[in-house]
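Enquirer: Sharing a model prediction with you, sequence too.
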Amino acid sequence: MASSSPRPAAPAADLTDATADPEDTVLLEDLQKAIDLRRREDFDRVLDAREPGELVEHATLTDAALDRHVLGIDALFVVGDELFGYLFRPENGWGSGAGTKEREAPGFTPHFRRVQLGQSGGPDAFGCFSCHSKGGQDGAGTQSQNAFMRGDGDRTGSADQRNAPHLLGLGPIALLAREMSAELQAEAAGASEHARASGQRIEQALTAKGVSFGKVVANPAGALNYGGVQGVDLDLTVKPFGWKGHQPTLRDMAEESLHLHQGLLSSRIQFAIRDGTLDPAPYGQGTWDDVDQDGVSLEIESGMLTTVVAYLAQLEAPTVRPPRDPALLDMWAAGRTYFDQVGCAGCHVPTLELKDSKLDARAPLPPGDGHPSFIVDVAKDGDGPKIEPKYAGSTTTYLVHLFSDLKRHDMGDALASPSPQGEIPARMFLTRPLWGLAETAPYLHDGRAPTIQDAIVLHGGEASAARDAYLALDDHARASVRVFLASLSREPKIFVP
């Protein structure tokens, strides 16, 4: 290890006013929001006690209501918040494997499965917030809340553990992935067209937002060879959700999560099974209208998924909160520079630029079957803080300080999952966005690292060089990196328990 390291100057562009105390008016507004939230929760709880079922009705929007835009974007956020915090019940379709007769028995409760059964899932939680609360609402999960996925339904050792990540900033991430996918696919299509027109072999580098995804090679007939593609599926769709990057959209992620963790099936899944376009095996052995054999046919309809997507897309973006202490502030500034110098920023790219901040929360439909869109502006709608424009007064380019390249990387044997996840090898993981990191301990995909230091040391594979460079720094420099990473946080909020 080196005996000493230089003390680089602070990068002024990264220094924010996050250390300033909020003004009284801001505090009062936050307090009023927290009080209003508590009052709404109390009212809904008592109303539901009087007449069970009222609670989920307040957290549900139908497609018909969305077509008529009965609620505005602000109200949709409130409804989504209700649904995120709702504890699903057997009458909603929570659970699986029990028929109507069993469910009609007094005191019936479906089997809670701590270890998921293969691709069928749990259920292992009653609601979304059950595993997303550390560091605040919509936060991460502790290790005791880990999901034991793709197991035998009994032994924890048979499963692939997953620690729940925080959910902040998902809207901008979804849109970044959409734009990156379009860039990569356009480059591949251009190479194919060029090869056909020229009658020559064309080698095309694949780059999206400055991130390299390898290359494709087009033969003179225009056929593409994808052997050089790196960090993304061969369809060149960037998938930013899941620890291994296996889901492309917020809707796909929400639909999968409701199935795996609550045993709830969407109408889309049921109709696809009915039409023979989806294998029913991961969902159950019943008929298409009750494939999970829980006695409930209508569980998650399209409008409910749209509500979840609109809510997640409106969540706040994490922020950087430098320390107040002058000595720690110097270390923070130095740590930001060391972060680049040792190579961490090669994968944890500090900032990606977003061109279009508009996301349609509704499901895409075939041409001609369109319905009114429900647009969420991730730079404006919902909770703040939000992503900000690159240039003051501009709405054409936004800066997303997520610290990720949204690409998969080989992380080595030490971090490898017990088995591949679909077509994704055991050693491959998506570069986890670091924004909001400070509130999410324990770290890594299974929560095995209690500290930032532990998480860094466990990096291997493609991250080995950056890890070794970090370890070669002296104690003070390594501490500076950790101080910087501990500033990647979220805006403090007032919460009335």
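Expert: Sure thing, it's come through.

Enquirer: And the residue lying closest to residue 123 once chain neighbours are set aside, what's its pLDDT?
Expert: Among residues not flanking residue 123 along the chain, residue 263 sits closest, at 4.0 Å (Cβ to Cβ, 6 or more residues apart in numbering). The C-beta positions use only the backbone N, C-alpha and C, and glycine is treated the same way. Here, the pLDDT recorded for residue 263 equals 93.

Enquirer: where do the helices sit along the stretch 151-300 of the chain?
Expert: 170-198, 250-262, 267-275 (DSSP state H, counting those that start in this stretch).

Enquirer: Would you mind listing where the stretch 1-150 of the chain has pLDDT under the threshold?
Expert: Within the stretch 1-150 of the chain, the segments meeting pLDDT under 70 span 1-22, 97-109.

Enquirer: That one: helices as residue ranges?
Expert: 24-50, 54-58, 63-67, 73-84, 100-103.

Enquirer: any chance of these in a markdown table, with distance to residue 472 too?
Expert: Listed next are the helices of the stretch 1-150 of the chain as a markdown table, based on distance: least, Cβ to Cβ, whole Å:
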| stretch | distance to residue 472 |
| --- | --- |
| helix 24-50 | 44 |
| helix 54-58 | 55 |
| helix 63-67 | 55 |
| helix 73-84 | 44 |
| helix 100-103 | 61 |
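
Enquirer: most packed of those helices?
Expert: helix 73-84 (a mean of 19; mean count of other Cβ atoms under 10 Å).

Enquirer: Packing partners of that one?
Expert: Here helix 73-84 touches helix 24-50, helix 54-58, helix 302-313, going by 3 or more Cβ pairs under 8 Å, 6 or more residues apart in numbering; DSSP states H and E.

Enquirer: any idea of the angle that helix forms with helix 302-313?
Expert: Angle between the axes of helix 73-84 and helix 302-313 is 100 degrees (criterion: axes from the mean of the first three to the mean of the last three Cα atoms, to 10 degrees).

Enquirer: related to what we said a few turns ago, quick one: residues contacting the residue nearest to residue 123.
Expert: Residue 263 makes contact with 93, 94, 95, 96, 110, 121, 122, 123, 292, 294 under the criterion Cβ atoms under 8 Å, 6 or more residues apart in numbering.

Enquirer: Among those residues, which one sits closest to residue 438?
Expert: residue 122 (29.5 Å; Cβ to Cβ).

Enquirer: Give me the number of neighbouring residues for the residue lying closest to the closest one once chain neighbours are set aside.
Expert: Computed as Cβ to Cβ, 6+ apart, the closest residue to residue 122 that is not its neighbour in sequence is residue 113, at 4.7 Å. By other Cβ atoms under 10 Å, 20 other residues sit near residue 113.

Enquirer: right, and residue 113 touches residue 153 too?
Expert: Yes. Contact status for residue 113 versus residue 153: in contact at 5.8 Å, counting by Cβ atoms under 8 Å.

Enquirer: that older thread, tell me which of the helices of the stretch 1-150 of the chain sits nearest to residue 267.
Expert: helix 63-67 (9.9 Å).

Enquirer: packing partners for the closest one?
Expert: helix 302-313.

Enquirer: and the angle from the helix it packs on to helix 170-198?
Expert: Per the same axes, to 10 degrees, the angle that helix 302-313 makes with helix 170-198 is 100 degrees.

Enquirer: Name the residues that touch helix 302-313?
Expert: Contacts of helix 302-313 (Cβ under 8 Å, 6+ apart): 59-66, 73, 76-77, 79-81, 83-84, 128, 167, 170-171, 174, 250-251, 254-255, 258, 266-268, 359, 361-363, 374, 376, 378, 381-382.

Enquirer: same deal with stretch 248-257?
Expert: So stretch 248-257 is contacted by 128, 170-171, 174, 177, 181, 237-242, 247, 266, 268-269, 300, 305-306, 308-309, 312-313, 359, 363 (Cβ under 8 Å, 6+ apart).

Enquirer: the helices in the stretch 301-450 of the chain, which residues?
Expert: Using DSSP H, counting those that start in this stretch, helices in the stretch 301-450 of the chain cover 302-313, 326-341.

Enquirer: before we move on, the earlier item: minimum distance to residue 232: which of the helices of the stretch 1-150 of the chain has it?
Expert: helix 73-84 (29.7 Å).

Enquirer: got the contact list for residue 213?
Expert: Counted by Cβ under 8 Å, 6+ apart, residue 213 has contacts 184, 206, 207, 229, 230, 231, 232, 236, 407.

Enquirer: now those in CSV, with pLDDT?
Expert: Converted to CSV, the contacts of residue 213 look like this (pLDDT from 0 to 100):
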residue, pLDDT
184, 98
206, 98
207, 98
229, 98
230, 98
231, 98
232, 98
236, 98
407, 98
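
Enquirer: quick one: which of those sit in strands?
Expert: Of these, the ones assigned to strands by DSSP state E are 206, 207.

Enquirer: For the contacts of residue 213, which ChimeraX command selects only the ones that are buried?
Expert: The ChimeraX selection below is limited to those of the contacts of residue 213 classed as buried (16 or more other Cβ atoms under 10 Å):
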select :184,206,229,231,232,236,407
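
Enquirer: quick check, nearest of the contacts of residue 213 to residue 426?
Expert: Among the contacts of residue 213, and counting by Cβ to Cβ, the member closest to residue 426 is residue 231, at 15.6 Å.

Enquirer: show me the contacts for the residue sitting furthest away from the middle of the chain.
Expert: The outermost residue of the chain, judged against the average C-alpha position, is residue 199 (43.1 Å), by Cα atoms, centre = their mean. Going by Cβ under 8 Å, 6+ apart, residue 199 touches residue 220.

Enquirer: re earlier: and of the helices of the stretch 301-450 of the chain, who's closest to residue 216?
Expert: From the helices of the stretch 301-450 of the chain, taking Cβ to Cβ, the stretch that ends up closest is helix 326-341, at 29.9 Å.

Enquirer: Now do the same for that closest one: mean pLDDT, whole number.
Expert: pLDDT averaged over helix 326-341 gives 97.

Enquirer: which helices and strands sit right next to it?
Expert: Using 3+ Cβ pairs under 8 Å, 6+ apart, helix 326-341 sits against helix 475-485.

Enquirer: ok, for residue 69, nearest residue in space, not its chain neighbours?
Expert: Setting aside the residues directly before and after it, residue 69 is nearest to residue 372 in space (Cβ to Cβ, 6+ apart), at 6.9 Å.

Enquirer: gap between that neighbour and residue 360?
Expert: For residue 372, the distance to residue 360 (Cβ to Cβ, to the nearest Å) stands at 10 Å.
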